[in-house]
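> Kindly generate the corresponding structure for this input.
(one chain, ligands or ions: 1)
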Amino acid sequence: MTAPIIQMRDVAKYFGSAIVLSSLDWEVRQGQVIGLLGRNGAGKSTLMECLLGLREVDAGSVRLFGEDVAALSDTTRARIGYVPQKSNLFEWMTPLQLLDYFKAMYPRWNQVKVDALLERWGFDALLLNKPIGRLSGGEQQRLSIIRALAHNPELLVLDEPVSALDPAGRRAFLAELVDGVIERGTTVVFSTHILTDLERVALDVAFLKEGRLALQGPLDELLEGARNTVNGRRAEPVSLEDLFIEVTQ
Ligand SMILES: Nc1ncnc2c1ncn2[C@@H]1O[C@H](COP(=O)(O)OP(=O)(O)OP(=O)(O)O)[C@@H](O)[C@H]1O
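Next up, the predicted model:
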């Protein structure tokens, strides 16, 4: 059997005396599409940063594609795409310069896809040549998504990728995610507070609570299970919002 795409064992992460992740175990297999849920401050961004090796863990181990995340090879790095919650793009560059910069780093860069997304997502000549620092929040987020998708990653980690997008932008992004990314068998970890988006995209959901993954499974099974546990009788359907409140409170 091939190694899991993500494997975290007994991971702990502290900020000073605050325990954010504790004894956390997680395995994500190839092709899984997981919506990561948790209340504000539960540690979703921290978990994503730790799993990508952007933050050092205080205990435990993290492996990506079977490799220790602290010593990832360039080949494995090139298999990963990440959209952080806060844009981390070079603000003094223009979108065109930024995309050229990353293009040189990734052997599998798909310029046809980049050009199609730029056009579909409203990057005209004016926007493409403006310093990134002067783009709106939503424009920066769209650019960050295009950058993360451009090299056809096999693992895509998205930290609230639609938080700054208007409804049309969100819909366009979700369509791209479903048709252009998930269809290709990409493994996706996706955090959001917009539960309707998650219901459209995620096949599995994982709830982060008190530093651990409190519950994970196929979304439809979790909803069905929650409905069947009410008084032991078949009850009214449970919404994902109900389940979120029940699991995370
Ligand atoms: N660099 C840091 N230094 C100190 N504390 C931090 C740091 N980064 C995050 N924290 C704390 O760690 C906890 C988890 O934060 P994190 O951003 O991972 O949560 P989250 O689940 O992504 O939240 P949200 O849903 O609000 O985005 C919070 O209590 C936060 O204040």
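
> Going by secondary structure, the most centrally placed residue in the chain is in what exactly?
For the chain, the residue nearest the mean C-alpha position is residue 158 (2.1 Å; CA atoms, centre = their mean). Residue 158 belongs to strand 155-159 when elements are defined using DSSP states H and E.

> Show me what that strand is packed up against.
helix 44-51, strand 80-83, helix 137-149, strand 187-191 (3 or more CB pairs under 8 Å, 6 or more residues apart in numbering; DSSP states H and E). Any C-beta I mention is one placed from the backbone N, CA and C, and that applies to glycine too.

> how about a cut-off of 6 Å?
On a contact count with 3 or more CB pairs under 6 Å, 6 or more residues apart in numbering; DSSP states H and E, strand 155-159 meets helix 44-51, strand 80-83, strand 187-191.

> pLDDT-wise, which helix or strand of this protein ranks last?
Every helix and strand of the chain was ranked by mean pLDDT, DSSP states H and E. The lowest is helix 219-229, at a mean of 82.

> List the buried residues of the helix or strand just after it.
Following helix 219-229 in sequence order, the next helix or strand is helix 240-248 (DSSP H and E). Applying a neighbour-count criterion of 16 or more other CB atoms under 10 Å, one finds 240, 243-244, 247-248 buried in helix 240-248.

> With stretch 77-95 instead?
Across stretch 77-95, burial judged by 16+ other CB under 10 Å covers 78-85, 87, 89, 94-95.

> Enumerate the residues of the chain near the ligand.
15, 20, 38, 40-46 (CB under 6 Å from any ligand atom).

> May I ask which of these has the most neighbours?
Within those, neighbour counts (other CB atoms under 10 Å) peak at residue 43, which reaches 25 neighbours.

> Touching, that one and residue 19? I think so.
No. Shown here, residue 43 and residue 19 do not form a contact pair, counting by CB atoms under 6 Å, at 9.2 Å.

> Next, work out how far apart residue 190 and residue 76 are.
When distance is defined by CB to CB, to the nearest Å, residue 190 is 21 Å away from residue 76.

> cool, residue 45 as well?
According to CB to CB, residue 45 stands 22 Å off from residue 76.

> can you count the residues close to the nearest residue to residue 2 once chain neighbours are set aside?
Distance criterion CB to CB, 6 or more residues apart in numbering; nearest residue to residue 2, sequence neighbours excluded, is residue 30 at 6.6 Å. For residue 30, the count of nearby residues is 14 (other CB under 10 Å).

> Check what pLDDT residue 30 gets.
What the model reports as pLDDT for residue 30 is 95.

> Any buried residues in the helix or strand encompassing residue 20, and which?
Using DSSP H and E, the element containing residue 20 is strand 18-28. For strand 18-28, burial by neighbour count (16+ other CB under 10 Å) applies to 20-22, 24, 26, 28.

> The next helix or strand along the chain from that strand packs against which elements?
Downstream of strand 18-28, the first helix or strand assigned by DSSP H and E is strand 33-37. With contacts defined as 3+ CB pairs under 6 Å, 6+ apart, strand 33-37 has these neighbours: strand 187-191, strand 204-209.
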